[in-house]
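Colleague: Below are the sequence and a predicted model for it; my questions follow.
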Amino acid sequence: MNIALIATQLIVILFAITVHEAAHGWAANKLGDPTAMIMGRVTLNPIAHIDPFGTVLLPLLMVIMGAPPIGWAKPVPVNPMNLKNPKKDNLLISAAGPVSNILAATLAGIVFKVIIGLRPRTIYDLNLALDRGGSIPGFNPIPILAIILFYAVFLNMFLAVFNLIPIPPLDGSGILIGLISEEAAQKVEQLRPFGIIIVFGMLWLGILDLILKPIWFIIQQLLF
């Protein structure tokens, strides 16, 4: 794979993860828990959120292997004692991450469509670049920006949908717990020690491809 394309995906996924985590902290602060704000986690500075393995090494390995660049950042601290309605508020805090990625993808998609409208040839340049593994003949900033925006749409949407899977510690589990009984929530929480193993098992079995391929197809249809 082209090094430039790997670098592009890693930068975009780092931005997507940063937006995701900052949104969790922002939502917690709005709902009465300033813990993340006090600890400097409500920021778009990626340094505040980086986990060396989950944010850097794992996405790099995934991209090199041709897999979706899944990853995670340092967990955003939330003190439920500061929340007025812990069950409902935790649901909203969990949902804030995926929602922020959907909004980021939408914004990137709008800018992408504006660029295409102003310079239709960009579609040809982008297809040529993707076919060559990210290589653009010469230096033209417009196709380069289009590639960045394309991956911003795709990776933000993938991160949002991936995190909605209801397996701890993914956000989908926090949303699910906010909707079910306490007894059922305890059973979901029992999966937490095995959550990462389950996710990697899904990756190994190709189950994540069932998420990845439809998103890739839909985004191509919408953008092109």
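Modeller: That came in fine, so what should we check first?

Colleague: What's the first helix or strand after the helix ranked longest in the chain?
Modeller: The residue-count maximum for a helix in the chain (DSSP state H) belongs to helix 86-118. Counting by DSSP states H and E, the next helix or strand C-terminal to helix 86-118 is helix 121-131.

Colleague: any idea of the angle that next one forms with helix 86-118?
Modeller: Calculated by axes from the mean of the first three to the mean of the last three C-alpha atoms, to 10 degrees, helix 121-131 forms an angle of 110 degrees with helix 86-118.

Colleague: tell me which strands and helices helix 121-131 is in contact with?
Modeller: When contacts are defined as 3 or more C-beta pairs under 8 Å, 6 or more residues apart in numbering; DSSP states H and E, helix 121-131 sits against helix 86-118, helix 141-163. Quick note: C-beta positions are derived from backbone N, CA and C, even for glycine.

Colleague: Of these, flag the one that's most buried.
Modeller: Comparing the helices and strands packed on helix 121-131 by mean neighbour count (mean count of other C-beta atoms under 10 Å), helix 141-163 comes out on top with a mean of 22.

Colleague: counting contacts, what elements does the helix or strand just after that helix pack onto?
Modeller: Next helix or strand after helix 141-163 toward the C-terminus (DSSP H and E): helix 171-177. Contact here means 3+ C-beta pairs under 8 Å, 6+ apart; on that basis helix 171-177 packs against helix 86-118, helix 182-189.

Colleague: from the chain's centre, how far out does the longest helix of the chain sit?
Modeller: 10 Å (C-alpha atoms, centre = their mean, to the nearest Å).

Colleague: Helix 141-163 and that one, what's the angle between them?
Modeller: Using the same axes, to 10 degrees: helix 86-118 against helix 141-163 is 160 degrees.

Colleague: how near is the closest residue to residue 164 other than its chain neighbours to residue 212?
Modeller: Once flanking residues are discounted, residue 164 sits nearest to residue 172: 4.3 Å by C-beta to C-beta, 6 or more residues apart in numbering. Per C-beta to C-beta, to the nearest Å, residue 172 is found 16 Å from residue 212.

Colleague: Please work out how many residues are found near the closest residue to residue 71 other than its chain neighbours.
Modeller: Closest residue in space to residue 71, ignoring its immediate chain neighbours: residue 59 at 4.1 Å, by C-beta to C-beta, 6+ apart. For residue 59, the neighbour count with other C-beta atoms under 10 Å is 25.
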